[in-house]
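Novice: Any chance you could fold what I've pasted below:
(4 chains)
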2 protein chains.
Amino acid sequence: MSVRMKDIARDLKVSIVTVSKVLRNHSDISPETRARVLKRARELHYQPNWAARSLVTGRSYMIGLIVPSLVHPFFAEVARGISKKIRRSGYSLVITSAEEDPKLEQQEIEHLLARQVDALIIASTQLSFGESQRRIETRNVPYILVDRNFSDLRANYVGADNDEIGALATQHLIECGCHHIAHICGPMISTGTGRLKGYRRALERHGLKVPPGYEVAGSSGDDDAEASGYEAMRKLMALRPRPDGVFCFNDPTAVGAMKAIFDAGLGIPDDFAIVGAGNFGYDSLLCVPLSSIDQSSASLGERAAKLALGLIDSKDRSRPRTIILPPRLVVRESSRKGGSCNAVEPGATSTKDSPSHALSRPLSAP
Amino acid sequence: MSVRMKDIARDLKVSIVTVSKVLRNHSDISPETRARVLKRARELHYQPNWAARSLVTGRSYMIGLIVPSLVHPFFAEVARGISKKIRRSGYSLVITSAEEDPKLEQQEIEHLLARQVDALIIASTQLSFGESQRRIETRNVPYILVDRNFSDLRANYVGADNDEIGALATQHLIECGCHHIAHICGPMISTGTGRLKGYRRALERHGLKVPPGYEVAGSSGDDDAEASGYEAMRKLMALRPRPDGVFCFNDPTAVGAMKAIFDAGLGIPDDFAIVGAGNFGYDSLLCVPLSSIDQSSASLGERAAKLALGLIDSKDRSRPRTIILPPRLVVRESSRKGGSCNAVEPGATSTKDSPSHALSRPLSAP
DNA sequence: TTGAAAGCGATACCAC
DNA sequence: GTGGTATCGCTTTCAA
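Specialist: A predicted model of the protein is given here:
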């Protein structure tokens, strides 16, 4: 059915080994045999059988990616970055979604290991990664954690600077003239705790206190973020002194919070300035375009892929590498309080959306 | 290094063949040996070596998916649907993005074929699929086109009923009391032409004419949709009689159109009722939540996956199958003209979003 | 019901 | 430079 090296060897009356060597650019081959083999291979549209090659080399030329959700724009961006980076190396990307289920994630890890992927890139939903780590390390497959890290783990990691995300957002709210800045927290994993720490650090640096109740728990996962943002904001609105600025763990959370504010008949940014994180594509489309912290998801993916390719080649997997990408503030209407927010710390990375056709005008109907 | 059937066999003092049979639910095995094998396999976290299995069966247990873009929510949904469906069958999904580039798409097809995927699912960006079709059919790999079809091709196809999408949207605008309904067209491939036809059909059925200029070209691809929606809408606003309802090829196009309307100081839905297509996640978050036609992307993926699995098993691939999924109208603020739009044709599939915390109230600040 | 033997298509190692 | 041989982990066939 399909062409094998055996066929080429027979046609040319050389051995299979010779053909194999030519096809892998082995040096011990005379120029003329090499030419003959290559010619015949092309004629027959020869394609190596990856299963056979894999079986003997132990390599599959595949990289596995496990994400909590394919639909989440952040992970889609990451996947895109990885895909782009490995394309030219001849590697294929096997993507699976854990559907936000830690149990399923473990299964998928096993599955990909069985597939003999040469490296694994994982944005984990697990609370503790130890078990999976052992499994992976037993097989000696290089793996890279992405987005979510585990403090107790020595592992390769590529992620955003969550602490800095929190600090940047909070700092911005301070500069916008907010005096009572609250935080709707994310899950208590590295992303959530980092942002929380950054939030506290920024306040502290400006001598601001966090009144009780100002740090309110939001989502514990990635799926219910909007609903829990709504609930969290309701709690915040009941506090006295009422917050006038809110840093939300991520954009979906912020969307929920904004809904709560509107439902209460209050306004953004006048009553509450809002900053999210993630800088999702829809941020600029919202009723009040949402200021957010960009975490350069795609380049995060690229870095992870580059690291993966490096690890596959190097035999030295001892010292885990950590890559932290700097966040970037994107200012939109949701935090433009009387224009004062335009002041941006010199040196800070910040970008303003052109407000050209912002969807933030009063509506003519309902 | 990793657990093999040999290890289980040794531990249990049975032959490798016996283990193999148990693991594949072969019948000629005594219940007790089966139990012992399964137990030990679980204990050792046995996972079959797919390369080895592949080598002898000639199957790779991989399905290849090529999409124009990973970030586009529609394709992300489709991927999710496929992923979900094939998970239990032990198949893996190799996903690659063509980055909206027909040339790259062809390369990726070659690449996946070389990988010996057992089936290929393709949402093509190519204008003519003939070349790729030949390549794929030479290898005798079953393939399924998704979303975009080619009228001149006999191929398996799973997609939305584009004609019906156009008709449903237009019909809805008519029922909302619009008298001058325009259409911002999509690219002139099956999705775009189908929706255009449906639009015309619905108007015709109601004895409405399409004045010159009412069908205006929008995007030619998938990337510039928003910008071209903006431009198209500007043209529409200049027409006399001015349209009072616009069916946009897809949601990004609609978003662009909405921006143009707001920038012109006009209102939605009072001046223009708008309906998009795709029902993307952000539709309900927009300034004026956008009515849209849902094309059940995830179940589209599931159907494609199911078809793929079926084709892999069946030896009869002669008669291509076509699966068309019915669209569903989702009514939101952008087409709620004085409440009259609530009238829904009996029998038509339609859903209304709960307007509970709609982001559609006048804002307190710019 | 069980298992020995023969591959699947490629690569690695080591003679020649 | 070239090629014989063993091998990778599994399935298939067929004999016991």
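Novice: And the residue of the stretch 101-250 of chain A found nearest chain B, what's its pLDDT?
Specialist: When scored by CB to the nearest CB, the stretch 101-250 of chain A has A:Ala114 as its residue closest to chain B, at 3.3 Å. (C-beta placed from N, C-alpha, C; glycine too.) pLDDT recorded at A:Ala114 is 83.
Novice: quick one, phi psi at the spatially closest residue to it that is not a sequence neighbour?
Specialist: Closest residue in space to A:Ala114, ignoring its immediate chain neighbours: B:Gln47 at 3.3 Å, by CB to CB, 6 or more residues apart in numbering or on different chains. Main-chain torsions, B:Gln47, degrees, to the nearest 10: phi -130, psi 130.
Novice: what about the residue nearest to A:Ser220 when sequence neighbours are not counted, neighbour count?
Specialist: Among residues not flanking A:Ser220 along the chain, A:Pro187 sits closest, at 4.9 Å (CB to CB, 6+ apart). A count of neighbours around A:Pro187, defined by other CB atoms under 10 Å in any protein chain shown, yields 19.
Novice: In this structure A:Pro187 contacts A:Asp224, no?
Specialist: No. At 10.4 Å, A:Pro187 does not count as touching A:Asp224 under the criterion of CB atoms under 8 Å.
Novice: ok, back up a step: give me the element the residue nearest to A:Ser220 is part of.
Specialist: Per DSSP states H and E: A:Pro187 is located in neither a helix nor a strand.
Novice: Name the residues of the helix or strand hosting A:Leu311 that come out as buried.
Specialist: Using DSSP H and E, the secondary-structure element containing A:Leu311 is helix A:297-313. By neighbour count on 16 or more other CB atoms under 10 Å in any protein chain shown, the buried set for helix A:297-313 is A:297-309, A:311-312.
Novice: Quick one, grab the pLDDT at the residue nearest to A:Ser220.
Specialist: 91.
Novice: what packs against the helix holding A:Leu311?
Specialist: helix A:73-87, strand A:119-122, strand A:143-146, strand A:156-160, strand A:322-325 (3 or more CB pairs under 8 Å, 6 or more residues apart in numbering or on different chains; DSSP states H and E).
Novice: Looking at those, which is nearest to DNA strand D?
Specialist: Of all the helices and strands packed on helix A:297-313, strand A:119-122 sits nearest to DNA strand D, with 19.0 Å by CB to the nearest atom of the strand.
Novice: what residues does the stretch 51-200 of chain A put near chain B?
Specialist: A:51-52, A:54-55, A:60, A:62, A:69-71, A:73, A:76-77, A:79-80, A:83-84, A:87, A:92-97, A:99, A:110-116, A:135, A:138-140 (CB under 8 Å from any CB of the partner chain).
Novice: Can you flag the buried ones in the residues you listed?
Specialist: A:51, A:54-55, A:60, A:62, A:69-71, A:73, A:76-77, A:79-80, A:83-84, A:87, A:92-97, A:99, A:110-116, A:135, A:139.
Novice: Filter those residues down to the ones in strands?
Specialist: A:Met62, A:Ser92, A:Leu93, A:Val94, A:Ile95, A:Thr96, A:Ser97 (DSSP state E).
Novice: Pipe those residues into CSV and attach distance to A:Ala182 and pLDDT per row.
Specialist: Formatted as CSV, those follow (distance: CB to CB, whole Å; pLDDT from 0 to 100):
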residue, distance to A:Ala182, pLDDT
A:Met62, 45, 94
A:Ser92, 46, 92
A:Leu93, 40, 94
A:Val94, 42, 95
A:Ile95, 37, 95
A:Thr96, 37, 95
A:Ser97, 33, 94
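Novice: can you list those residues in CSV and add distance to DNA strand C?
Specialist: Formatted as CSV, these follow (distance: CB to the nearest atom of the strand, whole Å):
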residue, distance to DNA strand C
A:Met62, 16
A:Ser92, 16
A:Leu93, 21
A:Val94, 21
A:Ile95, 26
A:Thr96, 26
A:Ser97, 31
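Novice: Show me which of the residues you listed is closest to DNA strand D.
Specialist: Nearest to DNA strand D among these: A:Met62, at 16.4 Å, using CB to the nearest atom of the strand.
Novice: Roughly how far does the closest one sit from A:Ala273?
Specialist: A:Met62 sits 46 Å away from A:Ala273, going by CB to CB, to the nearest Å.
Novice: What of A:Lys306?
Specialist: Distance from A:Lys306 to A:Ala273, by CB to CB: 37 Å.
Novice: what's the answer for A:Leu325, then?
Specialist: Counting by CB to CB - A:Leu325 and A:Ala273 are separated by 25 Å.
Novice: now A:Gln106
Specialist: Using CB to CB, one obtains 41 Å as the distance from A:Gln106 to A:Ala273.
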